[in-house]
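Novice: compute the structure for the input listed below.
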Amino acid sequence: MESDSSASNLSPFYLNNYYSKISHLTFKTIFIPLSPEEQNVILSFQKAKYQKTHIFKSEEAILLHQLENKIDQALIDFNSPTGVYVKLNFRSPKDGFPLRNDLIPQIFNEEFNKLNEKWDRKLWKLPITEEDYVGNLKWISLYRTLEILACCKNSKEILNLLLSSVRIEEDLQYILKVKEQGYLVLREFNPEINGLYEFRCFIKDNELKSITQYNHPWLVQELLNEEFCEEVKEKILKYWLENVKKTIEYLKDYVMDLALIGKGELLLIELNPIDTSGTGLFKGSEAISSHSLVFKVRNNLEIPYKEHWEDYLQYMMVDFCAHKPYTEFLESQEK
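Specialist: You can find the predicted model right below:
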């Protein structure tokens with residue numbers, strides 16, 4: 001759903017700086033200010049547990065427990081019936097370990113079976129092999145598993161993601177370096193969002209130039225239907241013109257991530273800077289150089305990374321699932 005590197009001027013794309021303008025288009029969201037001490041204790045924990053370059057002190061453990069309490073109180077006040085999705089000002093800990101990682105095999109199997117029952121390979125206008133078809137389903141199902149486990153309902157689930165994320169480490173280092181206010185951002189979790197139907201849109205000089213399938217390595221049955229894709233393209237253009245363009249006119253160049261949910265409604269996920277955002281199925285400057293709106297989805301058998309599918313699946317089912325919760329390490333440091 002976000003860009004993967006820092007930039008010299010990310011401030012306009014910090015969610016806290018534009019949320020008030022697009023709040024009616026996106027998830028209900030609250031912002032919890034993080035003090036420099038709270039930001040540093042997250043970094044100190046990561047140095048102690050993962051990098052082995054720091055001894056976690058008793059006063060740091062106290063501060064981390066205080067942060068747990070602060071988050072739990074915020075969750076009570078927020079009162080989201082579906083749980084929350086967590087991020088900082090800019091990026092989320094989507095590379096972190098979910099606390100309930102023991103559920104990965106179960107959820108994976110459920111998602112795989114649902115998708116396998118829903119889709120019919122005979123409808124695909126592609127000569128895809130059974131091996132590649134099943135591999136594609138497995139990869140999607142694994143992503144869906146992590147998407148579901150990103151839903152947090154307490155401070156320990158939130159902190160387990162934050163404390164194990166390299167993305168969060170990088171963003172906190174950046175925020176501390178430039179001395180900007182850091183926020184823990186809680187967004188109401190929407191169970192209707194499915195990464196299969198997320199789209200990245202590129203706006204240049206306040207003109208929608210192109211749209212790409214967000215999770216572009218996948219083959220998605222609905223996106224192999226040209227009529228469906230044309231409907232989505234027109235829907236996104238209409239949505240941007242009527243809801244987004246005039247709302248954030250001060251931004252001329254940006255990336256807009258959208259989710260198609262429910263009965264075809266669109267939901268704005270977030271905005272990102274063009275220069276640090278992935279371009280999906282576009283290469284180089286293709287995403288912003290077209291003279292007419294381009295819509296790209298994967299509709300061929302040039303499937304990236306497929307030679308690594310089984311190795312990655314094995315890693316996720318064994319090593320990833322074996323990751324211990326942060327509380328175990330914290331308790332060992334407090335003895």
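Novice: can you give me the strands in the stretch 151-300 of the chain?
Specialist: Listed in chain order, the strands of the stretch 151-300 of the chain (DSSP state E, counting those that start in this stretch) span 182-188, 198-204, 207-213, 254-261, 265-272, 294-296.
Novice: the third one vs strand 254-261, what angle?
Specialist: For strand 207-213 against strand 254-261, the angle by axes from the mean of the first three to the mean of the last three C-alpha atoms, to 10 degrees is 50 degrees.
Novice: I'd like to know which elements strand 207-213 is packed against.
Specialist: Contact partners of strand 207-213 among helices and strands, from 3 or more C-beta pairs under 8 Å, 6 or more residues apart in numbering; DSSP states H and E: strand 198-204, helix 226-239, helix 286-289, strand 294-296. Every residue, glycine included, has its C-beta placed from N, CA and C.
Novice: figure out which of these is closest to residue 316.
Specialist: Proximity to residue 316, assessed across these by C-beta to C-beta, is greatest for strand 198-204 (20.7 Å).
Novice: contacts for the host helix or strand of residue 310 next, please.
Specialist: Under the criterion of DSSP states H and E, residue 310 resides in helix 309-315. Outside of helix 309-315, the residues within contact range by C-beta atoms under 8 Å, 6 or more residues apart in numbering are 135, 138, 139, 142, 305.
Novice: and that helix, what's its mean pLDDT?
Specialist: Averaging pLDDT along helix 309-315 yields 92.
Novice: one step back: could the strands of the stretch 151-300 of the chain go into CSV alongside mean neighbour count and mean pLDDT?
Specialist: Converted to CSV, those look like this (neighbours: other C-beta atoms under 10 Å; pLDDT from 0 to 100):
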stretch, mean neighbour count, mean pLDDT
strand 182-188, 22, 97
strand 198-204, 23, 98
strand 207-213, 22, 97
strand 254-261, 22, 98
strand 265-272, 20, 97
strand 294-296, 19, 97
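Novice: would CSV of the ones you listed with distance to residue 62 be doable?
Specialist: As requested, the strands of the stretch 151-300 of the chain are exported to CSV (distance: least, C-beta to C-beta, whole Å):
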stretch, distance to residue 62
strand 182-188, 18
strand 198-204, 40
strand 207-213, 46
strand 254-261, 38
strand 265-272, 34
strand 294-296, 51
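Novice: all the helices of this protein, residue numbers only.
Specialist: 15-22, 36-46, 58-78, 104-118, 130-149, 155-162, 166-178, 226-239, 286-289, 309-315, 326-334 (DSSP state H).
Novice: among these, which comes closest to residue 203?
Specialist: Nearest of the helices of the chain to residue 203, taken as C-beta to C-beta: helix 286-289 at 8.3 Å.
Novice: now do that closest one: which elements does it pack against?
Specialist: Going by 3+ C-beta pairs under 8 Å, 6+ apart, helix 286-289 lies up against strand 198-204, strand 207-213.
Novice: need those strands in JSON lines with distance to residue 277, can you?
Specialist: Shown next, in JSON lines, are the helices and strands packed on helix 286-289 (distance: least, C-beta to C-beta, whole Å):
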{"stretch": "strand 198-204", "distance to residue 277": "7"}
{"stretch": "strand 207-213", "distance to residue 277": "11"}
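Novice: quick check: phi and psi on the closest residue to residue 167 other than its chain neighbours?
Specialist: Of all residues not flanking residue 167 in the chain, residue 91 sits nearest, at 4.9 Å (C-beta to C-beta, 6 or more residues apart in numbering). Backbone geometry at residue 91, expressed as degrees, to the nearest 10, gives phi -120, psi 170.
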